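> Structural data only, the sequence is not supplied:
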């Protein structure tokens, strides 16, 4: 076509109107073709990823279809047991019946869960199921009873646990190290369940009671949400496209299957080893294995799992109302102070398709209330004191001497700085006339608003607002100087001597010298309170928490701009109303020569925030004298502890605080080996996990028989806060802008054409 | 009229292009500076070790007003890629290089070492990582450790938090997923876990 055109041009007048038009047309044709191609390319670039995501959605949809639960939300269901039956058609999901006994003492819920299921087949089979756990649950005990054999999970020192594990391995026993794909889920994998037998799994854990808006609340998860796991979960995209990679994955799967079948041939297997443990007292999930899909597509649900729940609620102080938003419950008061209730479900066996929730409210009081519970373990007495703050209505606001420290280092650039500024502005607007304040901005240098703190008045506030507006994020992070300056800064002469020095530290905590700073806080005089405000997507949570702890204050995290107002309001309201500060406990020295109180530094009691203290003593504590300061007068209370308030799990709470305290000792330069030894002793004595111990399941009476049941279990507790790593935005998104720019440049000549026509 | 529109469009387009390419250019330029400061730190470290005053970390800022410093170097033998990791996981740091996120920024500890990077600059090559790949990490003391890729996951990031196995000296690399998507608000993360060899 091009050639013929050229020929024609040679022959005819080039400038005639006809050829002009023709050339234009030809040009437009090319243009159109070019446009069409670019459009197509763009479409491909945009639509293909979209279509792919659509595909995933479709897959998800079809996966849901098989989940069986026809009524209600098919994605939410109770735990179901799945047997690895050789006949695929017989692989059905069986119900697991759950009995939960919860004993609430103050702010702690000691929970025992029993899961019962049967193997209805005439074959010895392997079964597995998942069970949700509440957040922050600390598992204390696990036992699996198959027939007359019992496997008990216990805490051992890491080395010892490893030795047991290795020994079992050397003897050719099946050992397993199972990993988890998701937090808050407990996966139990039990091999060789004898034909037509019953299995009882008992799980004991402690979960916290949450306090919000004068209401106490516990939440026991009974159902879980199915999550979609793509088949290529384990693969990188590179592997996805290569055939080799795919086959490797299948091989992997087959190996898993082989493992489960070969189990039947091994004589007996009884060890399960879990290496996970951490800084705090909780066990922890690995993030890296797509677990076997427990909701296999071809499993039919025969019956729904049922749950029975019995609660012994003992708040320690009078309760005004008890209710459950999730289930109908029966309540029965069992003491004359209205502080103790027995609670059961109205329908004895409820279908476990939603979480159980229980809320109770305390009788309002003008004074701080204290409840006490005791537990006796091995001749030692453990006492738990829970402090409930008075009602927030008619409290006086105290005078404060507040210093705000704001981080303006380079790492705060962008949205972090905006959040910090907004937080500061908001905090300043919440100050009262009898407060005095100052602002310290720092990066690698320190910038002060005033040389010492100034009373709150319009002129000073205006000056502060301007100061805040001019803050810019740049430079390094040198925290030591501003912090030490804040601790020694002179108080305004007009401020009353009673005013409390409060330091509000707004930062992302990106520091390298954490220990140095904590030592500074720990060594400083104890007449200040430090509150940390963590800013940005990835604040250094560990530093925020520990700094606040050493400064006897609290911490708050602000994730995005929408949170600023609410979080800062809450913090400012809270710190303006300490209900009782400088709390001290006094015991009868003659009787109690050795009393171990944790936490060592008792924090202040704030409105709307209860607090607990755990005590260990040689003899039962019958009375405690408490002193402290309320807004205008000293506070004193003598607490008589009667023996009736017996409860379980208090030693665990005590041991948890003790381990935390011991580990904090490392910051102050305590001897590492000594701390390790003490932590291990405490951890084993009280059966709670620590960084130096492991959870290991060992069969109690190993019997050399082919039918010995074995258990592979693993624990999965909630991810502790400092073990969650923030995921920052990891895309620059420059492609988008680049393509837009290119597109505009492409359109430019087109407009020229269009206009010139 | 038409020429004005033409020029305006051309100008805006090229400005957008330049602005967009500034990000990867900056990433590339800073990487050069960072590698230089890393090399410098390593030589100083060697000298220090010669003088037997070990156990001190040399932290040299890549440019004087920087709020971060190189903390480790990762090298991927099979892919022929090297990258110097900075301290910190904030957006500013990530614009310059991959960053180690606090509190998981301690090398040689019993805790994991977590590194995040941009999928369309520093960590673009993570797409090609396969299982069993070996990653070498050099820390500030100049000591190298080998890690082997053990798991590759795609996780939902709408919660903003990723649980990690605490007491495990693993290396975790995080970037946005999918790799070739357009825009910067990806809701999924590509998480590579490598175990200490």
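Good, I have the coordinates. Predicted, not measured: the structure shown is a model, and the values here were computed from it.

> What residues does residue 120 make contact with?
Since you didn't name a chain, this refers to chain A. By Cβ atoms under 8 Å, 6 or more residues apart in numbering or on different chains, the residues touching residue A:120 are A:94, A:196. Just so you know, the C-beta spots here come from the backbone N, C-alpha and C atoms, and that holds for glycine as well.

> looking at chain B here, not the other one
A:731-735, B:24.

> any chance of those residues in CSV, plus distance to residue A:585, secondary structure and neighbour count?
Listed next are the contacts of residue B:120 as CSV, based on distance: Cβ to Cβ, whole Å; DSSP: H, G, I helix; E, B strand; the rest coil; neighbours: other Cβ atoms under 10 Å in any protein chain shown:
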residue, distance to residue A:585, secondary structure, neighbour count
A:731, 53, coil, 24
A:732, 55, coil, 23
A:733, 56, coil, 20
A:734, 60, helix, 23
A:735, 62, helix, 19
B:24, 61, helix, 18
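
> Which of those sits closest to residue B:133?
Comparing the contacts of residue B:120 against residue B:133 with Cβ to Cβ places residue A:731 closest, at 22.5 Å.

> just curious, which of the contacts of residue B:120 is nearest to residue A:675?
Nearest to residue A:675 among the contacts of residue B:120, with distances taken as Cβ to Cβ, is residue A:731, at 42.4 Å.

> Would you enumerate the residues in contact with the closest one?
Applying Cβ under 8 Å, 6+ apart, we find residue A:731 in contact with B:118-120, B:176, B:181, B:183-186.

> ok, 10 Å please
Residue A:731 makes contacts with B:94, B:118-121, B:123, B:175-179, B:181-186, as judged by Cβ atoms under 10 Å, 6 or more residues apart in numbering or on different chains.

> And those, which of them are buried?
Among the contacts of residue A:731, the ones that count as buried by 16 or more other Cβ atoms under 10 Å in any protein chain shown are B:94, B:118-121, B:123, B:175-179, B:181-182, B:184, B:186.

> follow-up on the earlier one: out of the contacts of residue A:731, name the ones that lie in helices.
Using DSSP state H, the members of those that fall within helices are residue B:94.

> What degree of burial does residue A:113 show, as a neighbour count?
21 (other Cβ atoms under 10 Å in any protein chain shown).

> check which helix or strand covers it.
strand A:108-118 (DSSP states H and E).

> now the next helix or strand after that strand against strand A:108-118, angle please.
The helix or strand immediately downstream of strand A:108-118 is strand A:125-132, counting by DSSP H and E. Between strand A:125-132 and strand A:108-118, the angle formed by their directions is 150 degrees, by axes from the mean of the first three to the mean of the last three Cα atoms, to 10 degrees.

> Tell me the strands beside the longest strand seen in chain B, with direction?
Using DSSP state E to define each element, chain B has its longest strand at strand B:144-156. Strand pairing for strand B:144-156, determined by DSSP bridges: strand B:134-139 (antiparallel), strand B:188-196 (antiparallel).

> which one of the ones you listed is the most hemmed in?
Mean neighbour count (mean count of other Cβ atoms under 10 Å in any protein chain shown) peaks for strand B:188-196 among those, with a mean of 21.

> pLDDT weak spots in chain B?
Across chain B, the ranges flagged by pLDDT under 70 are B:1, B:50-58, B:159-160, B:165-167, B:184.

> could you show me where the helices are in chain B, in order?
Taking DSSP H, the helices of chain B run over residues B:2-50, B:91-96.

> hey, which of the ones you listed is tucked in deepest?
Taking mean count of other Cβ under 10 Å, helix B:91-96 is the most buried of the helices of chain B, at a mean of 23.

> which strands and helices sit next to that helix?
Counting contacts by 3 or more Cβ pairs under 10 Å, 6 or more residues apart in numbering or on different chains; DSSP states H and E, helix B:91-96 is packed against helix A:415-429, helix B:2-50, strand B:81-87, strand B:99-100.

> before we move on, the earlier item: and the contacts of residue A:731, which of them are in strands?
B:175-177.

> which among these are in contact with chain A?
The subset of the ones in strands among the contacts of residue A:731 within reach of chain A, counting by Cβ under 10 Å from any Cβ of the partner chain, consists of B:175-177.

> circling back: note down every partner strand of the strand holding residue A:113 and its orientation.
Going by DSSP bridges, the partners of strand A:108-118 are strand A:97-105 (antiparallel), strand A:198-208 (antiparallel).

> Next, the buried residues of the next helix or strand after the last one.
Following strand A:198-208 in sequence order, the next helix or strand is strand A:210-212 (DSSP H and E). Applying a neighbour-count criterion of 16+ other Cβ under 10 Å, the buried positions in strand A:210-212 are residue A:211.

> for the record, mean pLDDT for strand A:210-212?
Averaged over strand A:210-212, pLDDT sits at 77.

> same question, stretch A:749-757
In this model, stretch A:749-757 has an average pLDDT of 73.

> Who is the closest residue to residue A:646 other than its chain neighbours paired with across the strands?
If the residues on either side of it in the chain are set aside, residue A:646 comes closest to residue A:374, at 6.3 Å by Cβ to Cβ, 6 or more residues apart in numbering or on different chains. Note on residue A:374: beta-bridge partners residue A:383, residue A:646, judged by DSSP bridges.

> Residue A:647 is in contact with residue A:374, correct?
Yes. Assessed by Cβ atoms under 10 Å, residue A:374 is found in contact with residue A:647 at 7.6 Å.

> Name every strand pairing with the host helix or strand of residue A:579 and say which way it goes.
Assigned by DSSP H and E, residue A:579 belongs to strand A:578-586. If you go by DSSP bridges, strand A:578-586 pairs up with strand A:605-606 (antiparallel), strand A:623-629 (antiparallel).

> next helix or strand past that strand?
Counting by DSSP H and E, the next helix or strand C-terminal to strand A:578-586 is strand A:595-598.

> name the helices or strands packed onto that next one?
strand A:380-388, strand A:611-617, helix A:650-665.

> can you put these in JSON lines and add mean neighbour count, distance to residue A:440 and mean pLDDT?
Shown next, in JSON lines, are those (neighbours: other Cβ atoms under 10 Å in any protein chain shown; distance: least, Cβ to Cβ, whole Å; pLDDT from 0 to 100):
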{"stretch": "strand A:380-388", "mean neighbour count": "22", "distance to residue A:440": "33", "mean pLDDT": "84"}
{"stretch": "strand A:611-617", "mean neighbour count": "22", "distance to residue A:440": "29", "mean pLDDT": "84"}
{"stretch": "helix A:650-665", "mean neighbour count": "22", "distance to residue A:440": "26", "mean pLDDT": "82"}
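
> Including distance to residue A:577, could the ones you listed go into JSON lines?
Output for these, formatted as JSON lines (distance: least, Cβ to Cβ, whole Å):
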{"stretch": "strand A:380-388", "distance to residue A:577": "15"}
{"stretch": "strand A:611-617", "distance to residue A:577": "14"}
{"stretch": "helix A:650-665", "distance to residue A:577": "26"}
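
> quick one: which of those is nearest residue B:113?
Among the helices and strands packed on strand A:595-598, helix A:650-665 comes nearest to residue B:113, with 20.5 Å by Cβ to Cβ.
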